[in-house]
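A.B. asks: Sequence and predicted model, in that order:
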2 protein chains.
Amino acid sequence: MPVTLKDISQRVGKSVPTVSRALAGFEDISPQTRELVQRVAAEMGYEPNITARNLQKQRTDTLALILPSANTLRFSDPFFSEFLSGIVEYIAQFGYDLNISTTDSEDELETYLRHLRSRRFDGFIVVRTKLQDARIDLLREHGVPFVAFGQTEANNDFHLVDEDGRYGVRQVVDHLVELGHTRLACIAEPTNLTKSHHRVQGFIDGLTAHNLPVDPNLIIETNFRQRSGRQAAKLLLELPEPPTALVACNDLLALGAMGAVQDHGLTVGKDISITGFDDILLSEYAHPPLTTVHQPASDMGSKVAEMLLNLIDGKPNEEKQVIIKPSLIIRQSTSAPSKGGEAP
Amino acid sequence: MPVTLKDISQRVGKSVPTVSRALAGFEDISPQTRELVQRVAAEMGYEPNITARNLQKQRTDTLALILPSANTLRFSDPFFSEFLSGIVEYIAQFGYDLNISTTDSEDELETYLRHLRSRRFDGFIVVRTKLQDARIDLLREHGVPFVAFGQTEANNDFHLVDEDGRYGVRQVVDHLVELGHTRLACIAEPTNLTKSHHRVQGFIDGLTAHNLPVDPNLIIETNFRQRSGRQAAKLLLELPEPPTALVACNDLLALGAMGAVQDHGLTVGKDISITGFDDILLSEYAHPPLTTVHQPASDMGSKVAEMLLNLIDGKPNEEKQVIIKPSLIIRQSTSAPSKGGEAP
DNA sequence: AATGTAATCTAAAACGTTTTAGACGTCAAG
DNA sequence: CTTGACGTCTAAAACGTTTTAGATTACATT
C-alpha cells in the first residue's frame, strides 16, 4: 500500500538508486530528472520507510531513556517531567525521537545490554546516577554515546550534566542559620544516589561552616515521596529536643513533612521552618509557599540532549561536564525560630 | 562489532536461516543443533538487530504518541504524566516501546501523515481530542490502528477511552448546591477540546437540574494553567455580584483561582468555595486542600494501551469505547456560602 | 530395488533503502 | 582519430533478519 522508491522508479522510468539520489539532491542527477522525481514523489505521497533507511544507515535517529520502573517510578515527579520535556523539545528540532522504556531494578543491566546490542538507539540518556553506577561502566565499555544526568562517586570521565546540589543545600543552610536556627535536621533521599549524597554533603558543609555540631540523629535517610517525608518528620518532632528547621532534600519530602508538622499542631513557617529542593510547581502553591531551591529542569534536559547529539555526530562539546548552580527561592515556610533556638 | 546471525552461522557451521530458526525454536531443527546454536549465541552475546527484524516483519513494536508542542505542552501536567506512565508500564510487558514526539499545531496533520507513511509505528495514541478532530479522520482513512483518549463531537466510531467529565462536574455542582450555593461560576479550558466541552456541559446540566439560571457571564473560557485560572477568578470576583463558588475545570486552574481569591483578601473554603478536576498530587497539599474530581490517570493510560495492542494484534476488544466515571473528592476548599447566598 | 515419508537443513528471495563502483554517451583537446 | 574528462545514470552489493520453497539424507515400506 505505501509508496516505495520502486513505485516511483517505475513511474518515472529510472532506476531505484537514481530516484533515491534525486530525492536526496545529489549532484550527479540532472536537474530535469531531479525535478521530475521530486514532483512524482510528492504526488504519490512518498515517505521513506524509516526502518529500511535505518538498517542501511546503521543509525536510528532515536535516543533511549530507560527508567527504573514501578516502585520508585520517577515519571510522575514534576521535576522529572520538566526535564523530559526539555529533552523532547530539543531533539525534535533535529528529527530525533525519544524512546522511553522501563525496567525492574534487578534486570537493569540486562535491559541496557539488550538495548545497546539491539542497535536500536543512537544514544542513551542515563538518569538518576548512583555513586557506583554499573550502567555507566557498561555503556562506557561498549563505547556507546551517552550522557548522564548526574555524577558518580569517582572517575566521572564521561559526558554529564548535573545540578550543584551541594551548593544548593548549602544556600539553604546558610539562609536558615542566618535566620537564627541552630538545630537543623535533614530529610534525605536514598544516599546511594549521587544527587542525594551531594545534597546531604551540602547540609553537612553548611553546619560545619557555621560551627554547628553534625548530629547523625538529625539526618534521616528515607525515600522519595511525601509519605516518607511525613514519617521522617514525625520521628524528628518526637525527639526530646526537636529541630527548629527541617531541610528536606526534595519538595515532595518537604510537603510530607509539612503534613506531619501540621498533625503535631504546629505552624510551618512560624513554629518550625521547612525547606525543599527542586521548586516544582507545587511548592509555590503549598501552604505556606515553600522555601526551596530552584533548578532549570527543562534547560537541563535540553543541555543533556544537546551534548548527546553532538556526541553522536562526532561534534565536540564545549564542556564535557556541565554543572548548573541552582538558586535559593525564599518563600514563607522559613522564618526565625520562635523559641528555644539557641543563638550561636 | 556487534554479533550477527552470520557470525553465529560461521561459528557453528550452519546456514544463517538455520541459526535464525534454531533461535526462534522452530520444529524443523534438530534438538542438538538448536541447543548448539543457542549456546553459542548466548556465549557470543548475540542480540537481534531490531531494525533488520522490523524491516522484514513489517512491524516495529513501537507506539507513537504525538504531543502538541511548546505553547500548551501537556507534558508537565501531572495528570498527563500519570497517564503516560500507565501506558509505558503496560506496554513494557509486551515488549513494546513508546515513542514520544512533538509537533507544532500548524503542522500537526503533516506530522501525523509523515509518521504514518514512514511505517515506523505499529499504532498511534491520540490525546486531547477536539470536537472536530482531523487527526482522527486521517488515521481512520489510512486504516492505521489507533486509540484515542477522549471523544469527538459526533461519529465516535473508533476505539477510545474517556473520562465522564460531564458526570464528574455534575457531581461537583450537586455538592456545591447541597452546601447552599446558588451562584456558581465555571472556569473552563478551551472548549474546542472535547474534554473541556463535556465538563462545561456537566456544569450546565447541574445548574439546570437544580433550577438555577445559567448565566453566560459566569462561564469563562480560558487556558490550561494557573495563570489563566488566576485571571479568570479575578474577573469573576470583580463582578458586581460575584459568585460564591468557582468550579474550575482542572486543578491547575483551581490553584490559580485560589491565588486570586487570596489576593482579594478572602479565605478559600470559607468566604468562597473552589473546586478542581483531576486530583493531581498538588490538590491534596494545596491550601486549603482542594475539593476535586479524581480520575485514575494511570489506569486510563493502561486501558488505552491495552486496547491498542489488541487492535494491532487483531484481537477483539471487549468494548470499543471505555468511559470511566470519576469520583468526587471532598476536601476543605468547599463549604456553605458564608453570606449573601440566596437559598433556593 | 523402487517408493514414500519424515527429519533436517539451506538457497534464494524478500523487506526498502543507500553506497559503491562502474557503465555509457558526449564533448573537447590533442 | 584517439584520449581523457565530464555528466548522467544504473547494476550490484550491502544493511541483518525472516520466509518460502525445495534440497538432501536416512529410513521404512512395498
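C.D. replies: Arrived safely, thanks for sending. Residues are numbered from 1 along each chain as shown, chains lettered A, B, ... in the order given.
A.B. asks: Mind pulling the model confidence for the residue in chain A positioned nearest to chain B?
C.D. replies: Residue nearest to chain B within chain A: residue A:287 (2.6 Å; Cβ to the nearest Cβ). Glycine gets a C-beta too; all of them are placed from N, C-alpha and C. With respect to pLDDT, residue A:287 scores 80.
A.B. asks: Please name the nearest non-neighbouring residue to it.
C.D. replies: residue B:287 (2.6 Å; Cβ to Cβ, 6 or more residues apart in numbering or on different chains).
A.B. asks: re the thing from before, next one: phi and psi at the residue of chain A closest to chain B?
C.D. replies: Here the main-chain torsion angles of residue A:287 (degrees, to the nearest 10) amount to phi -120, psi 110.
A.B. asks: Residue A:2 - how many residues pack around it?
C.D. replies: By the criterion of other Cβ atoms under 10 Å in any protein chain shown, residue A:2 has 14 neighbours.
A.B. asks: give me the element it is part of.
C.D. replies: Assignment of secondary structure by DSSP states H and E places residue A:2 within no helix or strand.
A.B. asks: Distance of it relative to residue A:175?
C.D. replies: Residue A:2 is 61 Å from residue A:175, where distance means Cβ to Cβ, to the nearest Å.
A.B. asks: And for residue A:276?
C.D. replies: When Cβ to Cβ is the yardstick, residue A:276 and residue A:175 sit 13 Å from each other.
A.B. asks: Report the set of residues contacting both of the two.
C.D. replies: Contact criterion Cβ atoms under 8 Å, 6 or more residues apart in numbering or on different chains; residues bridging residue A:276 and residue A:175 by contacting each: residue A:291.
A.B. asks: Surely the residue nearest to residue A:287 and residue A:288 touch.
C.D. replies: Yes - counting by Cβ atoms under 8 Å, residue B:287 touches residue A:288, with 7.4 Å between them.
A.B. asks: counting contacts, what elements does the lowest-mean-pLDDT helix or strand in chain A pack onto?
C.D. replies: Lowest on mean pLDDT, DSSP states H and E among the helices and strands of chain A sits helix A:281-285, with a mean of 82. Helix A:281-285 sits against helix A:251-263, helix B:251-263, helix B:281-285, with contacts defined as 3 or more Cβ pairs under 8 Å, 6 or more residues apart in numbering or on different chains; DSSP states H and E.
A.B. asks: Let me see the ranges of the helices in the stretch 151-300 of chain A.
C.D. replies: For the stretch 151-300 of chain A, the helices defined by DSSP state H, counting those that start in this stretch occupy A:165-179, A:194-209, A:226-237, A:251-263, A:281-285, A:297-313.
A.B. asks: Buried residues of the first one, list them for me.
C.D. replies: Looking back up the chat, that one is helix A:165-179. Within helix A:165-179, the residues that count as buried by 16 or more other Cβ atoms under 10 Å in any protein chain shown are A:165-173, A:175-177, A:179.
A.B. asks: follow-up on the earlier one: neighbours around the residue of chain A closest to chain B, how many?
C.D. replies: Residue A:287 has 18 neighbouring residues, counting by other Cβ under 10 Å.
A.B. asks: In this structure it contacts residue B:290, no?
C.D. replies: No - counting by Cβ under 8 Å, residue A:287 does not reach residue B:290; the two are 11.1 Å apart.
A.B. asks: buried ones in stretch A:184-191?
C.D. replies: Quick answer for stretch A:184-191 (16+ other Cβ under 10 Å): A:184, A:185, A:186, A:187, A:188, A:189, A:191.
A.B. asks: Could you confirm whether that stretch reaches chain B?
C.D. replies: No - Stretch A:184-191 does not reach chain B (Cβ under 8 Å from any Cβ of the partner chain); its nearest approach is 15.9 Å.
A.B. asks: can you give me the helices in the stretch 1-150 of chain A?
C.D. replies: A:5-12, A:16-24, A:31-44, A:50-57, A:78-92, A:108-117, A:134-141.
A.B. asks: right, and residue A:169 touches residue A:209 too?
C.D. replies: No - between residue A:169 and residue A:209 there is no contact, the gap being 11.9 Å when judged by Cβ under 8 Å.
A.B. asks: Whichever residue of the stretch 101-250 of chain A sits closest to DNA strand C: what's it in contact with?
C.D. replies: In the stretch 101-250 of chain A, no residue comes nearer to DNA strand C than residue A:119, which is 13.8 Å away by Cβ to the nearest atom of the strand. Residues counted as contacts of residue A:119 (Cβ under 8 Å, 6+ apart) are A:58, A:60, B:2, B:49, B:50, B:51.
A.B. asks: ok, now which ones touch the last one?
C.D. replies: Looking back up the chat, that one is residue B:51. Shown in contact with residue B:51 (Cβ under 8 Å, 6+ apart): A:51, A:54, A:55, A:60, A:119, A:120.
A.B. asks: Those residues: which two are farthest apart?
C.D. replies: A:51 and A:119 (12.5 Å; Cβ to Cβ).
A.B. asks: related to what we said a few turns ago, just name the most buried of the helices of the stretch 151-300 of chain A.
C.D. replies: Mean neighbour count (mean count of other Cβ atoms under 10 Å in any protein chain shown) peaks for helix A:251-263 among these, with a mean of 25.
A.B. asks: what's the burial count for residue A:150?
C.D. replies: Applying other Cβ under 10 Å, we find 22 residues neighbouring residue A:150.
A.B. asks: sorry, that was for residue A:265
C.D. replies: Residues near residue A:265, counting by other Cβ under 10 Å, number 7.
A.B. asks: same question, residue A:221
C.D. replies: Other residues within reach of residue A:221, judged by other Cβ under 10 Å, total 16.
A.B. asks: Spatially, and excluding backbone neighbours, which residue is closest to it.
C.D. replies: Nearest non-adjacent residue to residue A:221, counting by Cβ to Cβ, 6+ apart: residue A:188, 4.9 Å away.
A.B. asks: Next: residue A:306.
C.D. replies: Using Cβ to Cβ, 6+ apart, the closest residue to residue A:306 is residue A:90 (6.2 Å).
A.B. asks: For residue A:97, see how far away the one you found is.
C.D. replies: 12 Å.
A.B. asks: ditto for residue A:268
C.D. replies: In terms of Cβ to Cβ, residue A:268 sits 43 Å off from residue A:97.
A.B. asks: for residue A:34, same thing?
C.D. replies: Taken as Cβ to Cβ, the span from residue A:34 to residue A:97 is 29 Å.
A.B. asks: With residue A:53 instead?
C.D. replies: Residue A:53 sits 14 Å away from residue A:97, going by Cβ to Cβ.
A.B. asks: again, but for residue A:217
C.D. replies: Using Cβ to Cβ, one gets 49 Å for the distance from residue A:217 to residue A:97.
A.B. asks: Neighbour count: those two, which is higher?
C.D. replies: Per other Cβ under 10 Å, whichever of residue A:217 and residue A:97 has more neighbours is residue A:97, with 22 against 11.
A.B. asks: Mind listing the residues bridging to the more buried one?
C.D. replies: Listed by DSSP bridges, the beta-bridge partners for residue A:97 are residue A:62.
A.B. asks: Might you report the residue contacts of it?
C.D. replies: Per Cβ under 8 Å, 6+ apart, neighbours of residue A:97: A:61, A:62, A:63, A:91, B:99, B:100, B:101.
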